[in-house]
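Student: Have a look at this fold, sequence not included:
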C-alpha cells in the first residue's frame, strides 16, 4: 500500500460491521429442527440425548461417524512446520484433536479448540472443548466477544482474544441458514432416521422374546353373554404375563379355565417387514453423514460398483471437504504464530486416491506443451521437492 493510500485509509476509517442477531441463552437449542414450538409432531431436538441414541445405541450412526472421523484423524499430512504439525497431531488428555473435531462437527455442527499457551504466549497445546458446554457471549453489536464454558455447575469465561490480540479459542462450524453464531450438525437431520432404526431393532427384539410370533386374544364365552369381573380380569392378565410371555415360556402349553379360549392373532408379511424399514432408515443415516451405504454393510445398494469406488467417493465427497474446513480454521487461528505454514492432506499418500493421482501424473507427464516447472505446479510439488 502506498503512502497516499495509507493516508486516505487512516482518514476514512474502517468499514463498520453489520450487527448480528444475539443468540439464545441455551447453548444448543439453536439447532432445533423447525420453528420454535412447532416441530410437526416431533419433540424438540436435544443434543445430549440425541448423541447418546446415535453414537452409543445405533451401530449405523456410530460406524458412519467413526469412518469419517478416523479417516481424517489418520490421514497423512503434507510436510509443514514441525511445531505446527506437533500441535495438531499430539494427543491432549487422551483425545486425538483431528478425530475429535471431525466427530464434533458431524454430530454437533460446532467445534471449539482452546489454544493453551506458555508464559511467552506461544501455543503449546490444542484441546477440543465439548461443544454442548460452550455458548457464545455476544457483544452489543451481536458479534462474539467471549465464550462461556459450563461444566459441573460452574461457568468459565474465556476471552475471544488475549492481551496480545491472539485467539484463545478457535471456533469451527458448519453452515446454519438460520443462525449467526452456531452451525448445524448432521445429527439433527439424521435424528428421525436414527429413532426409526432404534425402534425397529427394539420391536424385533421384543418379537423374538415372545416366541417370534404375535400375541393373541383370550376370549371369554360366558353363559348368557356374561363378562369377567374386574378381579378375574386382573388375575388372568397377571397370570398370562408371568407364565406365558418371554423367551423362557415360548411354546409353553396354556391351561385355560372353563369358558376361556385362546384366539391367535396373525400379522401380514407386509406388517412384519421390519428389515425393509430398518434398511431404509439406515440409508437415511448414511446419507446424512455423507458415507456411502455400501461401506456400512447395507445390502441392495447399486449406486457404487464396488467398495473401491465407494471408498473413493467417501474421500472426495466427505473426508477431503471436511478436512479442508478444519485445516483452514486451524491455520487461520494459528496464523499469528505460523503465518507461512499450511495444513493439508498429502493426497499422494492416501491409498484410496492412488488411482486418481496415477491418472493425473500420466496426463501431466504426457503434456508436451508444459515445461517441468508447470508440470510440478499442476502436481502440487514445490520447487524444493525434487522427488
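Tutor: Nice, I can see it. Not measured: the values here are computed from a predicted model.

Student: Look up how far residue 133 lies from the nearest residue to residue 130 once chain neighbours are set aside.
Tutor: Distance criterion CB to CB, 6 or more residues apart in numbering; nearest residue to residue 130, sequence neighbours excluded, is residue 151 at 7.8 Å. Where C-beta positions appear, they are placed from N, C-alpha and C, glycine not excepted. From residue 151 across to residue 133, the span is 6 Å (CB to CB, to the nearest Å).

Student: How about residue 63?
Tutor: 26 Å.

Student: And residue 366, by the same measure?
Tutor: Distance from residue 366 to residue 133, by CB to CB: 55 Å.

Student: still on that earlier bit, have a look at residue 151 and residue 133 and say which one is more surrounded.
Tutor: For residue 151 versus residue 133, neighbours defined as other CB atoms under 10 Å are more numerous around residue 133 (16 against 11).

Student: For that one, grab phi and psi.
Tutor: phi -90, psi 0 (degrees, to the nearest 10).

Student: Now do the contacts for residue 177.
Tutor: residue 184 (CB atoms under 8 Å, 6 or more residues apart in numbering).

Student: Which helix or strand contains it?
Tutor: Per DSSP states H and E: residue 177 is located in neither a helix nor a strand.

Student: now swap in residue 125 and tell me
Tutor: Using DSSP H and E, residue 125 sits within strand 123-129.

Student: Paired strands for that strand, with orientation please.
Tutor: Looking at strand 123-129 with DSSP bridges, its partner strands are strand 110-117 (antiparallel).

Student: Identify all contacting residues around the strand it pairs with.
Tutor: 97, 100-101, 104-105, 123-129, 131, 134, 147, 158, 162, 166-174, 182-183, 185, 326, 330, 333-334.

Student: Now it: average pLDDT?
Tutor: Strand 110-117 carries an average pLDDT of 94.

Student: coming back round to it: residues of the strand holding residue 125 that come out buried?
Tutor: For strand 123-129, the neighbour count (16 or more other CB atoms under 10 Å) marks 123, 125-126, 128-129 as buried.

Student: If we ignore the residues flanking it in sequence, what's nearest residue 21?
Tutor: residue 180 (5.1 Å).

Student: For the one you found, which three-state class applies?
Tutor: coil (DSSP: H, G, I helix; E, B strand; the rest coil).

Student: Quick check, it in contact with residue 144.
Tutor: No. Using CB atoms under 8 Å, residue 180 is not in contact with residue 144, being 9.5 Å away.

Student: just checking, which of the contacts of strand 110-117 belong to helices?
Tutor: 97, 100-101, 104-105, 326, 330, 333 (DSSP state H).
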